[in-house]
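Undergrad: missing the sequence, but the structure's below:
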């Protein structure tokens, strides 16, 4: 099995690792941490199945909190890297940062709004 190249290479002007861009191989460590976070949350949600076998008080709550916290830290790291890369390239970074996800977000909002209105405000 061939090893994937390390995409977190050092920049010549900066001592910090450079983020992998779209099209490049993913960083294995971040993928591993993301998988661990999702696994912790899934195990916590499935704990009602194993609770009769192993009775550990508050274990599922601790796993769920750890998984969510880990996912928030990874999200902050990745979004922070995107913002730093964008600030270096673009003077209008703030407008682009907020406007870029709108084409994906707004249609889902309007798709979700009518059923929500019918369920929570039926009169």
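TA: Noted; the coordinates are in hand. Bear in mind the structure is a predicted one, so any value in this text is a computation, not a measurement.

Undergrad: surely residue 47 touches residue 62?
TA: No. Taking contacts as CB atoms under 8 Å, residue 47 lies outside contact range of residue 62: 10.4 Å. All C-beta atoms are positioned from the backbone trio N, CA, C, and that covers glycine.

Undergrad: show me which of those two is the more surrounded one.
TA: residue 47 (16 against 13; other CB atoms under 10 Å).

Undergrad: pLDDT wise, what is the nearest residue to the more buried one once chain neighbours are set aside at?
TA: Counting by CB to CB, 6 or more residues apart in numbering, the nearest residue to residue 47 once its immediate chain neighbours are dropped is residue 60, at 3.5 Å. pLDDT for residue 60: 78.

Undergrad: and if you look at the one 5 residues further on?
TA: pLDDT, the model's per-residue confidence, is 89 for residue 65.

Undergrad: can you check residue 74 too?
TA: So, for residue 74, pLDDT stands at 91.

Undergrad: count of residues packed around it?
TA: Residue 74 has 16 nearby residues by other CB under 10 Å.

Undergrad: helix or strand: which one has the residue nearest to residue 47?
TA: helix 59-89 (DSSP states H and E).

Undergrad: what helices or strands is that helix leaning on?
TA: helix 28-45, helix 47-50, helix 93-99 (3 or more CB pairs under 8 Å, 6 or more residues apart in numbering; DSSP states H and E).
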